[in-house]
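S.K.: Show me how the following folds:
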Amino acid sequence: MTIDTATNALMQQIQNPFLTSISKLIAFITDPIVLLIAALIIASYLYTKKQNKKATIFASAIIITAILIKLSKAIFQRARPANALVQELTQSFPSGHATMAVIFFGLVAYMFARKKYKPATVITTLIILIIAFTRIYLNVHWLTDIIAGLALGTAILILSILALKKS
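M.R.: The predicted model follows:
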């Protein structure tokens with residue numbers, strides 16, 4: 001049994017109606033398209049506040065992330081677990097929810113909570129980990145999909161923060 005199948009088997013053992021409902025809600029709210037739209041709204045807000053460099057970096061990071069997720073899924077063509085609790089139409093690898101969550105919440109925390117960055121980092125990390133957990137819990141991703149999504153998101157987040165520091 002691989003780490004992927006073992007993790008999904010464990011998730012099946014802890015499934016219950018309440019946790020399934022919460023996980024489905026979190027999945028809906030943090031869908032990559034929802035986060036992309038929210039990011040573009042935030043970038044527009046930043047433009048109105050004359051923070052053009054922040055807006056451009058934020059919007060660019062989100063759009064580039066969405067493109068990389070789409071390309072990765074097309075390249076790897078990894079099937080999702082067969083016993084998913086929700087229907088997903090795209091491929092599995094990497095997790096778009098995990099990748100986009102790292103970028104979106106990481107940049108929001110960095111840009112808007114600079115003075116309180118440590119608490120924001122802890123809260124942001126918890127949010128991202130909860131989103132990642134729900135993707136495995138709902139059996140729409142393998143553990144390695146999540147790890148890859150978190151890694152890709154972290155790499156893009158680091159590059160985005162470096163770009164923000166230079167601006």
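S.K.: Contacts only, for Ala66.
M.R.: If you count contacts by Cβ atoms under 8 Å, 6 or more residues apart in numbering, Ala66 has them with 32, 36, 100. Placement of C-beta: from N, CA and C, glycine included.
S.K.: Tell me the most packed of these, by neighbour count.
M.R.: Met100 (28 neighbours; other Cβ atoms under 10 Å).
S.K.: next helix or strand past the helix or strand containing Lys70?
M.R.: Using DSSP states H and E, Lys70 maps to helix 52-76. Note on helix 52-76: by DSSP H and E, the next helix or strand toward the C-terminus is helix 96-112.
S.K.: That next one: what's the following helix or strand?
M.R.: According to DSSP H and E, the helix or strand after helix 96-112 is helix 117-137.
S.K.: Please state the offset of that next one from the chain centre?
M.R.: Centroid separation for helix 117-137 versus its chain: 9 Å, with Cα atoms, centre = their mean, to the nearest Å.
S.K.: Tell me which residues of that helix come out buried.
M.R.: Buried residues in helix 117-137, counted by 16 or more other Cβ atoms under 10 Å: 120, 124, 127-128, 131-137.
S.K.: got a list of contacts for it?
M.R.: Here helix 117-137 has contacts from 7-8, 11, 14-15, 19-20, 22-23, 26-27, 30, 85, 95, 97-98, 101-102, 105-106, 108-110, 112-113, 141-143, 145-146, 149-150, using Cβ under 8 Å, 6+ apart.
S.K.: Kindly recompute the last result at 7 Å.
M.R.: Residues outside helix 117-137 that contact it (Cβ atoms under 7 Å, 6 or more residues apart in numbering): 7, 11, 19, 23, 26-27, 30, 95, 97-98, 101-102, 105-106, 109, 113, 141, 143, 146, 150.
S.K.: Output it in CSV, but only the C-alpha positions, please.
M.R.: C-alpha atoms of helix 117-137 as CSV (Å, rounded to 0.1, in the frame of the first residue of the first chain):
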residue,chain,number,x,y,z
TYR,A,117,2.8,39.2,10.2
LYS,A,118,3.7,36.4,12.7
PRO,A,119,0.1,35.8,13.9
ALA,A,120,-1.1,36.2,10.3
THR,A,121,1.4,33.6,9.2
VAL,A,122,0.1,31.1,11.8
ILE,A,123,-3.5,31.7,10.9
THR,A,124,-2.7,31.6,7.1
THR,A,125,-0.8,28.3,7.6
LEU,A,126,-3.7,26.8,9.5
ILE,A,127,-6.2,27.9,6.7
ILE,A,128,-4.0,26.4,4.0
LEU,A,129,-3.6,23.1,6.0
ILE,A,130,-7.3,22.9,6.6
ILE,A,131,-7.9,23.4,2.8
ALA,A,132,-5.3,20.7,2.0
PHE,A,133,-6.9,18.3,4.6
THR,A,134,-10.3,18.7,3.0
ARG,A,135,-9.0,17.8,-0.4
ILE,A,136,-7.7,14.5,0.9
TYR,A,137,-10.7,14.0,3.2
